[in-house]
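Peer 1: A predicted structure for the sequence below; I have some questions about it.
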Amino acid sequence: MSTRKASAPRIATAGFPKLDLPITPPYPPMEAKRVDKIPSGDGWQFEPKWDGFRAIVFRSGGDVAVQSKSGQPLGRYFPEVVEAMLELRQKEFVLDGEIVVPVGGRLSFDHLLQRIHPAESRIRKLAAETPAHYFAFDLLVVNGSSIADKPIETRRDRLERFFVSVPEGSLIRLSPATTDRKLADDWFDKFGSAGLDGVMAKRLGEPYHSGDRDGMVKVKHLKTADCVVGGFRYLEGTHEVGSLLLGLYDDEGRLVHIGHSSSIRKDDRPALTKRLEALAGENPFEVRVPGGPSRWATDKSGEWEPVRPELVCEVEYDYFSQGRFRHGSKFLRWRPDKKPKQCTMDQVTGGNTESDLTLIAP
């Protein structure tokens with residue numbers, strides 16, 4: 001955590017300050033097309049895809065603005081990042097990167113989400129306990145001049161030179177980059193369990209494509225798991241199923257609630273609702289029991305409807321964190337060939353559980 005003792009930085013809360021820069025917020029970030037495989041052949045720069053909040057940072061003298069991917073101010077939620085930006089020798093710059101919260105050598109999206117809190121005192125407490133880091137992967141303005149129209153190779157060179165003066169131990173970090181496809185494959189294969197969300201590939205020779213998906217692709221980790229249906233919620237405003245509550249058995253034979261899937265085809269909902277209602281039973285979850293009303297709940301459901309743990313479905317998910325799917329999973333198919341007790345936690349906790357992100361970004 002930064003030990004900066006100077007006066008509190010001026011952070012935009014209701015909007016952005018006026019900045020004397022050639023690029024100012026809100027500025028649409030460059031985006032990426034989704035592909036299934038890491039591109040092969042020459043002409044690509046590869047970078048880790050960090051699992052955090054995309055953020056463009058603007059500094060003009062004593063003013064710092066942090067902009068989210070959607071163009072909203074983020075600075076108030078990450079005061080330690082703002083302070084670290086003010087500690088840099090450079091005073092007129094715009095960086096593109098990712099805000100992450102590392103915990104024990106891994107990235108914790110749960111700790112990141114806790115920051116979006118209305119109370120400043122709570123934010124400051126979390127910033128001290130689990131400080132966020134900023135991984136910079138692009139430089140758009142340096143020394144007050146825009147280089148966004150320069151090719152990625154030029155911007156990368158300027159970014160690396162920018163980091164020569166960044167203090168040791170700063171929360172501002174240089175995100176790795178390589179043109180070696182084998183190294184990119186290693187990143188993708190080895191560091192998913194540590195919080196790496198995949199790999200980005202940027203075409204060499206391309207400028208920064210603000211607001212569009214030209215010149216950059218992303219390959220994300222997508223995995224599947226066979227899960228037990230332990231309950232469901234009704235679709236808002238209807239008497240049809242809206243989401244399935246999913247579980248896996250732990251080493252002690254207890255059914256652990258790990259998330260939900262709401263990607264149910266409209267035509268399948270009536271028959272599935274009848275099927276689930278016929279399985280009504282006692283709560284089968286023994287660990288991490290589903291909570292109260294959510295956006296899937298209705299007045300009828302109150303909270304959720306438990307069912308006997310007899311149905312097994314295969315779902316696709318991108319990331320498993322803190323004992324549950326970080327996002328909702330995508331329903332793929334029913335698995336009548338699988339017994340519920342065969343659906344165990346090792347499907348989502350196996351593999352490179354000892355991967356440490358310090359190996360990729362010390």
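Peer 2: Thanks, I have it.
Peer 1: so residue 198 versus residue 220, what's the distance?
Peer 2: 4 Å (CB to CB, to the nearest Å). Yep, even glycine has a C-beta here, placed from its N, CA and C like the rest.
Peer 1: the two - which one has more neighbours?
Peer 2: residue 198 (22 against 18; other CB atoms under 10 Å).
Peer 1: SS state for the more buried one?
Peer 2: strand (DSSP: H, G, I helix; E, B strand; the rest coil).
Peer 1: so who does it touch?
Peer 2: When contacts are counted by CB atoms under 8 Å, 6 or more residues apart in numbering, residue 198 touches 49, 188, 218, 219, 220, 221.
Peer 1: neighbours around residue 152, how many?
Peer 2: For residue 152, using other CB under 10 Å, the count is 22.
Peer 1: could I get the full set of helices for this protein?
Peer 2: Counting by DSSP state H, the segments of the chain that form helices are 79-86, 109-113, 120-129, 152-162, 181-190, 269-277, 346-349.
Peer 1: what's the most buried one of those?
Peer 2: Most buried of the helices of the chain, by mean neighbour count (mean count of other CB atoms under 10 Å): helix 79-86, with a mean of 23.
Peer 1: which strands and helices sit next to that helix?
Peer 2: Other helices and strands packing on helix 79-86, by 3 or more CB pairs under 8 Å, 6 or more residues apart in numbering; DSSP states H and E, are strand 53-60, strand 63-68, helix 120-129, strand 133-142, strand 172-174.
Peer 1: neighbouring strands for the last one, and are they parallel or not?
Peer 2: So that's strand 172-174. strand 133-142 (parallel) (DSSP bridges).
Peer 1: return the strand it pairs with as CSV; C-alpha atoms alone will do.
Peer 2: Taking Å, rounded to 0.1, in the frame of the first residue of the first chain, the C-alpha atoms of strand 133-142 are listed here in CSV:
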residue,chain,number,x,y,z
HIS,A,133,-2.7,-3.1,-8.5
TYR,A,134,-2.8,-1.6,-11.9
PHE,A,135,-1.4,-3.6,-14.8
ALA,A,136,-0.7,-1.2,-17.7
PHE,A,137,-0.6,-2.7,-21.2
ASP,A,138,-0.8,0.4,-23.4
LEU,A,139,0.3,4.0,-23.4
LEU,A,140,-1.8,6.5,-25.3
VAL,A,141,-0.4,9.9,-24.1
VAL,A,142,3.1,10.5,-22.8
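Peer 1: read off the pLDDT value for the residue of the chain most remote from its centre.
Peer 2: Of all residues in the chain, residue 278 sits farthest from the chain's C-alpha centroid, using CA atoms, centre = their mean; the distance is 37.5 Å. On pLDDT, residue 278 comes in at 97.
Peer 1: and it, what does it touch?
Peer 2: Taking CB under 8 Å, 6+ apart as the definition, residue 278 has no contacts.
Peer 1: give the contact list for the closest residue in space to residue 235 that isn't next to it in sequence.
Peer 2: Leaving out its chain neighbours, the residue that sits closest to residue 235 by CB to CB, 6 or more residues apart in numbering is residue 242, at 3.2 Å. By CB under 8 Å, 6+ apart, the contact list for residue 242 reads 232, 233, 234, 235, 236, 262, 264, 296.
Peer 1: which of the residues you listed has the most neighbours?
Peer 2: Neighbour max across these (other CB under 10 Å) = residue 232, 27 neighbours.
Peer 1: which of the helices of the chain sits closest to residue 257?
Peer 2: helix 346-349 (12.9 Å; CB to CB).
Peer 1: so of the contacts of residue 242, which ones are in strands?
Peer 2: Residues of those located in strands (DSSP state E): 232, 233, 234.
Peer 1: my read is that the second one contacts residue 328, right?
Peer 2: No. Counting by CB atoms under 8 Å, residue 233 stays clear of residue 328, with 11.7 Å between them.
Peer 1: show me the common contact partners of these two, please.
Peer 2: In contact with both residue 233 and residue 328: 243, 260, using CB under 8 Å, 6+ apart.
Peer 1: picking up where we left off before, any residues in contact with both of residue 198 and residue 220?
Peer 2: In contact with both residue 198 and residue 220: residue 49, using CB under 8 Å, 6+ apart.
Peer 1: contact partners for residue 259?
Peer 2: Here residue 259 is in contact with 246, 317, 324, 325, 328, 329 (CB under 8 Å, 6+ apart).
Peer 1: which of those residues scores worst on pLDDT?
Peer 2: residue 328 (78).
Peer 1: hang on, that one packs against residue 261?
Peer 2: Yes. Counting by CB under 8 Å, residue 328 touches residue 261, with 6.1 Å between them.
Peer 1: quick check, pLDDT for residue 10.
Peer 2: The predicted structure lists residue 10 with a pLDDT of 43.
Peer 1: and what of residue 196?
Peer 2: For residue 196, the model assigns a pLDDT of 83.
Peer 1: do residue 354 as well
Peer 2: pLDDT, read off for residue 354, is 41.
Peer 1: now do residue 32 against residue 158, distance only.
Peer 2: 21 Å.
Peer 1: same check, this time on residue 196
Peer 2: In terms of CB to CB, residue 196 sits 25 Å off from residue 158.
Peer 1: could you do residue 360 as well?
Peer 2: From residue 360 to residue 158 the distance is 22 Å (CB to CB).
Peer 1: how about residue 348?
Peer 2: 41 Å.
Peer 1: wait, residue 205 touches residue 152, no?
Peer 2: Yes. Contact status for residue 205 versus residue 152: in contact at 7.3 Å, counting by CB under 8 Å.
Peer 1: would you map out the domains in this protein?
Peer 2: 10-221, 223-349 (automatic domain parsing).
Peer 1: which of those domains has the lowest average pLDDT?
Peer 2: domain 223-349 (a mean of 87).
Peer 1: sounds good, over and out.
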